[in-house]
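Peer 1: Predicted coordinates and the sequence they were generated for:
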Amino acid sequence: MSELYEHEGMRQIIPGYEPGSGDPERDAALQDISKMFGGLIPNFHKVLANSWAVVKAFEAMRRNLQKTELRAIEREIVSVEVSRRTKCHYCMSAHSNFAKQMKMSHADIQAMREGRPMSDPRHALVQRAAKRIWDTQGRLSEQEIKQFNDEGLSVAELFEVIAVIGWYVTSTLSNNLDRTEIDPQFRYDEDTQDAAA
């Protein structure tokens, strides 16, 4: 599994925009982002800030998707599935860490990272929807849509899964293009067990 996301020895090939480099709009966008991370501006956001329009669009999507029917932990499940499919070293590490901070078990984080069914039925349902939407490029049959609805995933949530996929395709492909250096705070050690284990 780990070799798919190998980052050791990788070199970031496109410099990120550094705050204070002369563009007030990009500076303002990164200042807003730093508030989310306790003063840190992640390398990924600096990379996106090579385009003011892209970093602003990405952050606007983040703000709107915080209002979904999908819970935050469920959005992480979708983001890890996208990271797994695109083999994004940065996003796989960061979002595994975010799931750990949200108290997801080590076993379920590993299952999520490897594409195996998760133990929580609701989480497994969201995971399965993300997989099917990715695999079919959204072409679920009417029967599949009904089955997801019957199992508790609404039509609105199916659209939200699609939106989160789209959001994180931007993230993962950007990081793959740049080989973005993983911030130390976002590195995930897959051998580390949770405290309760």
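Peer 2: Done, it's in. From a predicted model like this one, the values you see are computed outputs, not experimental measurements.

Peer 1: From what I see, L40 and Q31 are in contact.
Peer 2: No - checked against Cβ atoms under 8 Å, the pair L40 and Q31 is beyond contact range at 12.0 Å. Bear in mind the C-beta positions are built from the backbone N, C-alpha and C, glycine included.

Peer 1: Counting neighbours around each, name which of those two comes out higher.
Peer 2: The neighbour count for L40 versus Q31, taken as other Cβ atoms under 10 Å, is higher for L40 (14 against 11).

Peer 1: show me the contacts for Q127.
Peer 2: Residues in contact with Q127, defined by Cβ atoms under 8 Å, 6 or more residues apart in numbering, are 77, 81, 112, 117-118.

Peer 1: what's the helix or strand for it?
Peer 2: helix 121-136 (DSSP states H and E).

Peer 1: Report the backbone C-alpha coordinates of the helix or strand that that helix is followed by in CSV.
Peer 2: Toward the C-terminal end, the helix or strand that comes next after helix 121-136 (DSSP H and E) is helix 142-150. Extracted C-alpha coordinates of helix 142-150, given in CSV (Å, rounded to 0.1, in the frame of the first residue of the first chain):
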residue,chain,number,x,y,z
GLU,A,142,-32.2,3.7,-11.1
GLN,A,143,-32.1,0.6,-9.0
GLU,A,144,-28.7,1.5,-7.4
ILE,A,145,-30.0,5.0,-6.6
LYS,A,146,-33.1,3.5,-5.0
GLN,A,147,-30.9,1.1,-3.0
PHE,A,148,-28.7,3.8,-1.7
ASN,A,149,-31.8,5.8,-0.8
ASP,A,150,-33.3,2.8,1.0
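
Peer 1: In contact with M102, which residues are there?
Peer 2: Counting by Cβ under 8 Å, 6+ apart, M102 has contacts 72-73, 76.

Peer 1: As TSV, the residues you listed with pLDDT, neighbour count and secondary structure would be great.
Peer 2: Shown next, in TSV, are the contacts of M102 (pLDDT from 0 to 100; neighbours: other Cβ atoms under 10 Å; DSSP: H, G, I helix; E, B strand; the rest coil):
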residue	pLDDT	neighbour count	secondary structure
A72	97	12	helix
I73	97	17	helix
E76	97	26	helix
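
Peer 1: can you tell me which of the residues you listed lies nearest to R179?
Peer 2: Closest to R179 out of the contacts of M102 is E76 (23.0 Å), distances taken as Cβ to Cβ.

Peer 1: Next up, identify which helix or strand the spatially most central residue of the chain is on.
Peer 2: Taking Cα atoms, centre = their mean as the criterion, S79 is the residue nearest the geometric centre of the chain, at 3.3 Å. Per DSSP H and E: S79 is located in helix 72-86.

Peer 1: Now do the helix or strand following that helix: which elements does it pack against?
Peer 2: From helix 72-86 onward toward the C-terminus, using DSSP H and E, the following helix or strand is helix 89-101. If you count contacts as 3 or more Cβ pairs under 8 Å, 6 or more residues apart in numbering; DSSP states H and E, helix 89-101 packs onto helix 43-48, helix 72-86, helix 106-114, helix 155-178.
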